[in-house]
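J.: Have a look at this prediction, sequence included:
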Amino acid sequence: MSALKPKSSERDLYASEPSTGGIGVVGMIALVIAGLFVGREVFVPVALAILLSFVLAPLIRLLQKLRVPRVLAVIGVVLVAFAGITALATVMATQVTQLAGDLPRYQLTMREKVQSLRGSAAGSSALERAADVLQDLGKELDRPQTDAGRLANPLAPSAAPATETKPIPVEVRQPDPGALQTLGAFITPLIHPLATTGIVVIFVIFILLQREDLRNRLIRLAGSHDLQKTTAALDDAAGRLSKLFLTQLVLNAAFGVVIGVGLYFIGVPSPVLWGILAAILRFVPYIGAFISAAFPLALAAAVDPGWSMLLMTAALFIVMEPVAGHVVEPLVYGHSTGLSPVAVVVAATFWTWLWGPIGLVLATPLTVCLVVLGRHVERLEFLDVMLGDRPALSPPEIFYQRMLAGDPAEAADVAEEFLKERSLSVYYDEVALAGLRLARADALRGVLDEARLERMRGTVEELVDDLSDHPDLEPASGRTVDPEAAAAVDASAEGLGTADLPVLAPDDLDPRFTGETPILCIAGQSPVDEAAALMLAQLLTKHGLNARVEGAASLSVQSISRLEAADTAVVCLSFLDAGSPAHMRYAVRRLRRKMPQVKIVLGCWVADVTAAESLREAARADLVASTLRAATALCIELARRDTIGSSQAVTTASAA
């Protein structure tokens with residue numbers, strides 16, 4: 001036995017391989033973060049240039065359509081853009097200078113307001129006494145050491161008074177600065193912003209001029225094995241980012257204009273400064289608008305002797321921010337910008353720690369860039385999973401997980417959000433049925449036992465009961481806000497509806513379909529087949545056809561004789577597994593012997609329609625359907641009074 005055991009050195013090597021790989025990944029991440037921190041003087045201008053290139057690219061394309069040479073279009077747009085930025089910076093500097101000069105005039109107003117608050121506050125005398133005690137304590141601490149020593153030992157004899165010597169005043173004067181020193185003192189604070197601006201301008205120009213070359217290099221890094229797909233993905237990503245950032249810039253600028261105009265009419269000093277600051281800080285998620293509101297609120301409290309200016313300023317921000325964030329932005333952006341709330345907070349924290357205030361402003365745009373690249377470049381998909389707002393699992397996988405967890409209530413909530421934009425049959429076919437296929441695949445692999453499959457069937461039954469109030473019709477104009485439901489809607493076929501599937505009235509039915517349960521839905525093999533049969537029976541009921549469901553045990557030799565066949569006109573067999581044609585054939589044969597007069601519809605819930613038709617021929621069923629909607633259409637055609645027995649009608653329904 002000992003000869004079969006690896007040597008200790010080999011065991012240590014094997015055990016250390018995973019940890020070595022993990023240490024390597026952590027080390028690489030730490031190296032990248034350190035590089036971003038150390039090289040922030042270069043990376044910050046590059047990041048600004050990339051974001052500005054996305055904003056300016058549509059304008060350059062517009063000029064190129066007007067036959068303007070590309071070089072002239074790039075240089076002209078960049079110069080105009082930076083001229084506007086410089087003008088805004090100049091206006092802000094002027095406003096700040098003017099405000100700094102006016103601040104001493106507002107100190108008296110603030111003192112009076114503080115005194116009034118102190119006078120009206122409950123228990124103000126106690127607060128004042130506490131403030132006096134703290135003030136006396138501060139004076140004692142600031143007293144010279146000799147006085148402190150005497151206070152510490154008041155019984156000690158005092159030293160003999162010494163002759164006081166007056167200190168000789170000494171005055172140090174700096175020589176008058178020369179012209180070069182004055183010029184240096186003026187230019188030094190401007191060197192860093194001017195250098196950063198110059199680097200940004202150069203990067204923007206070269207990025208816009210070499211856009212195709214940079215795209216080709218990124219394609220090479222992302223993977224050149226499928227040029228068409230990668231090129232289309234990157235072009236789509238660039239277009240989406242350009243539209244997003246340009247729209248965000250316009251919306252934030254409009255928000256700043258509204259805030260500035262509102263503060264002007266309210267009477268708050270320097271309204272232009274606060275409007276520009278509100279537009280800039282609104283790029284900061286969640287807290288940007290509140291930070292921009294703090295300064296004008298404090299100034300309004302200092303300027304107005306009363307409280308009306310402060311209240312009107314607060315009302316302006318309280319009204320405008322929700323309107324912009326919850327009304328205008330969803331209409332313009334759609335569901336969202338594509339970032340999860342946690343990712344936004346984490347990105348803001350990370351980039352602020354890394355690059356300071358400029359990182360806080362750039363956090364959301366940079367994270368949006370990473371998420372869009374992750375959605376379009378396969379090697380960067382982990383960025384979309386980590387930072388995006390789309391669910392990490394596909395809609396069928398989420399449905400399967402909810403059924404495994406025995407949570408029909410949460411699945412029903414997501415389904416009701418889905419039904420705001422799609423029909424019930426689309427949800428069952430695109431989400432629920434696909435999730436049941438996953439369960440059937442796991443059962444065939446042996447990872448799901450019969451008990452868990454039975455619990456899943458019970459959970460699906462509860463879900464179907466929860467959705468019993470929803471008709472199987474195209475929904476009216478509605479929009480879901482749930483991320484999971486939105487992902488399911490995006491993944492579903494928009495053209496699949498049920499507007500062409502009528503709801504049959506009793507007068508429209510053939511006499512054979514007017515019984516209590518003329519349609520019998522039978523599970524093929526497993527409990528998940530019965531779950532699919534439950535959904536089919538509900539859809540049939542929605543369209544005026546009564547149906548009942550039987551489990552897979554009813555197809556056994558002992559049980560099939562007990563099936564009620566008097567009022568049955570159609571039998572729908574439900575199979576999620578296409579790999580057992582023999583079982584389908586024997587099930588159809590037994591049903592033929594028991595009910596020779598009924599039509600047998602083979603519900604083979606597989607994605608391949610051709611494979612389903614082959615299975616029908618092998619099982620010798622009358623009709624076949626690969627989706628619940630197709631099976632419902634077949635049953636509707638069979639139940640119509642004017643089409644019963646018409647082979648042409650049945651063929652048409654089968655083709656549907």
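T.: Yes, it's here. Numbers count the residues shown, from 1 in each chain.

J.: just the strands in the stretch 301-450 of the chain please.
T.: Ranges of strands in the stretch 301-450 of the chain, per DSSP state E, counting those that start in this stretch: none exist.

J.: I misspoke; the intended subject was the chain.
T.: Secondary structure of the chain by DSSP state E: the strands cover 519-523, 547-550, 570-575, 599-604, 623-625.

J.: Can you give me the neighbour number for A618?
T.: Using other Cβ atoms under 10 Å, the number of residues around A618 comes to 14. Quick note: C-beta positions are derived from backbone N, CA and C, even for glycine.

J.: Just give the nearest non-adjacent residue to it, would you?
T.: Ranked by Cβ to Cβ, 6 or more residues apart in numbering and with sequence neighbours excluded, the top spatial neighbour of A618 is P581, at 4.4 Å.

J.: would you turn the strands of the chain into JSON lines with mean pLDDT and mean neighbour count?
T.: As requested, the strands of the chain are exported to JSON lines (pLDDT from 0 to 100; neighbours: other Cβ atoms under 10 Å):
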{"stretch": "strand 519-523", "mean pLDDT": "91", "mean neighbour count": "27"}
{"stretch": "strand 547-550", "mean pLDDT": "90", "mean neighbour count": "20"}
{"stretch": "strand 570-575", "mean pLDDT": "91", "mean neighbour count": "27"}
{"stretch": "strand 599-604", "mean pLDDT": "90", "mean neighbour count": "26"}
{"stretch": "strand 623-625", "mean pLDDT": "90", "mean neighbour count": "24"}
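
J.: Dump these into CSV; add distance to L591 as well.
T.: Shown next, in CSV, are the strands of the chain (distance: least, Cβ to Cβ, whole Å):
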stretch, distance to L591
strand 519-523, 8
strand 547-550, 11
strand 570-575, 6
strand 599-604, 6
strand 623-625, 13
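
J.: For I318, which of those strands is the nearest?
T.: strand 547-550 (54.9 Å; Cβ to Cβ).

J.: Check which helices and strands that closest one sits against.
T.: Using 3 or more Cβ pairs under 8 Å, 6 or more residues apart in numbering; DSSP states H and E as the contact criterion, the secondary-structure elements in contact with strand 547-550 are strand 519-523, helix 527-542.

J.: which residues touch that strand?
T.: Counting contacts by Cβ atoms under 8 Å, 6 or more residues apart in numbering, the residues outside strand 547-550 that touch it are 517-523, 530, 533-534, 536-537, 540-541, 563, 572.

J.: Can you list the strands that that strand pairs with?
T.: Partner strands and pairing direction for strand 547-550 (DSSP bridges) are strand 519-523 (parallel).

J.: How about T197, nearest residue that isn't a chain neighbour?
T.: Among residues not flanking T197 along the chain, F82 sits closest, at 7.1 Å (Cβ to Cβ, 6+ apart).

J.: wait, doesn't the one you found sit right on V201?
T.: Yes: in this structure, F82 is within contact of V201 by Cβ atoms under 8 Å, at 5.9 Å.

J.: picking up where we left off before, can the helices and strands packed on strand 547-550 go into TSV with extra columns for distance to A631?
T.: Written out in TSV, the entries for the helices and strands packed on strand 547-550 read as follows (distance: least, Cβ to Cβ, whole Å):
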stretch	distance to A631
strand 519-523	9
helix 527-542	6
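
J.: So which of these is the most surrounded?
T.: strand 519-523 (a mean of 27; mean count of other Cβ atoms under 10 Å).

J.: re earlier: measure how buried the residue nearest to T197 is and give me the count.
T.: Residues within reach of F82, counting by other Cβ under 10 Å, total 16.

J.: swap in I219?
T.: 17.

J.: if I look at it, how far off is L534?
T.: As defined by Cβ to Cβ, to the nearest Å, I219 lies at a distance of 49 Å from L534.

J.: same question, S270
T.: Relative to L534, S270 is positioned 67 Å away (Cβ to Cβ).

J.: and L62, which of the helices and strands packed on strand 547-550 is closest to it?
T.: Ranking the helices and strands packed on strand 547-550 by distance to L62, with Cβ to Cβ as the measure, places helix 527-542 first at 50.3 Å.

J.: Outline the domain layout of this protein.
T.: Per automatic domain parsing, the structural domains of the chain span 42-102+193-213, 233-387, 395-491, 506-655.

J.: Please work out the average pLDDT along the third one.
T.: So that's domain 395-491. Across domain 395-491, the average pLDDT comes to 86.

J.: Off-centre distance for it?
T.: What separates the centre of domain 395-491 from the centre of its chain is 21 Å, taken as Cα atoms, centre = their mean, to the nearest Å.

J.: First-to-last residue distance for that domain?
T.: Taking Cα to Cα, to the nearest Å, the span from the opening residue of domain 395-491 to its closing residue is 8 Å.

J.: Spit out the contact partners of W605.
T.: With contacts taken as Cβ under 8 Å, 6+ apart, W605 has the following neighbours: L433, L436, R437, A532, S574, F575, L576, S626, T627, L628.

J.: Tell me which residues touch the fourth one, please.
T.: Residues in contact with A532 (Cβ under 8 Å, 6+ apart) are L433, L436, A523, S574, L576, G603, W605, L628.

J.: now do 7 Å
T.: Each residue near A532 by Cβ atoms under 7 Å, 6 or more residues apart in numbering is listed here: L433, L436, S574, L576, W605.

J.: So which of the helices and strands packed on strand 547-550 is nearest D304?
T.: Nearest to D304 among those is helix 527-542; the distance by Cβ to Cβ comes to 63.7 Å.

J.: Convert the C-alpha atoms of the closest one to PDB, please.
T.: Taking Å, rounded to 0.1, in the frame of the first residue of the first chain, the C-alpha atoms of helix 527-542 are listed here in PDB:
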ATOM      1  CA  PRO A 527     -42.500  14.200 -12.400                       C
ATOM      2  CA  VAL A 528     -41.000  17.000 -14.500                       C
ATOM      3  CA  ASP A 529     -43.000  15.700 -17.500                       C
ATOM      4  CA  GLU A 530     -46.100  16.100 -15.300                       C
ATOM      5  CA  ALA A 531     -45.000  19.600 -14.500                       C
ATOM      6  CA  ALA A 532     -45.000  20.500 -18.200                       C
ATOM      7  CA  ALA A 533     -48.400  18.800 -18.500                       C
ATOM      8  CA  LEU A 534     -49.700  21.000 -15.800                       C
ATOM      9  CA  MET A 535     -48.700  24.100 -17.700                       C
ATOM     10  CA  LEU A 536     -50.200  22.800 -20.900                       C
ATOM     11  CA  ALA A 537     -53.500  22.100 -19.200                       C
ATOM     12  CA  GLN A 538     -53.600  25.600 -17.800                       C
ATOM     13  CA  LEU A 539     -53.000  27.100 -21.300                       C
ATOM     14  CA  LEU A 540     -55.800  25.000 -22.800                       C
ATOM     15  CA  THR A 541     -58.100  26.200 -20.000                       C
ATOM     16  CA  LYS A 542     -57.200  29.800 -20.900                       C
END
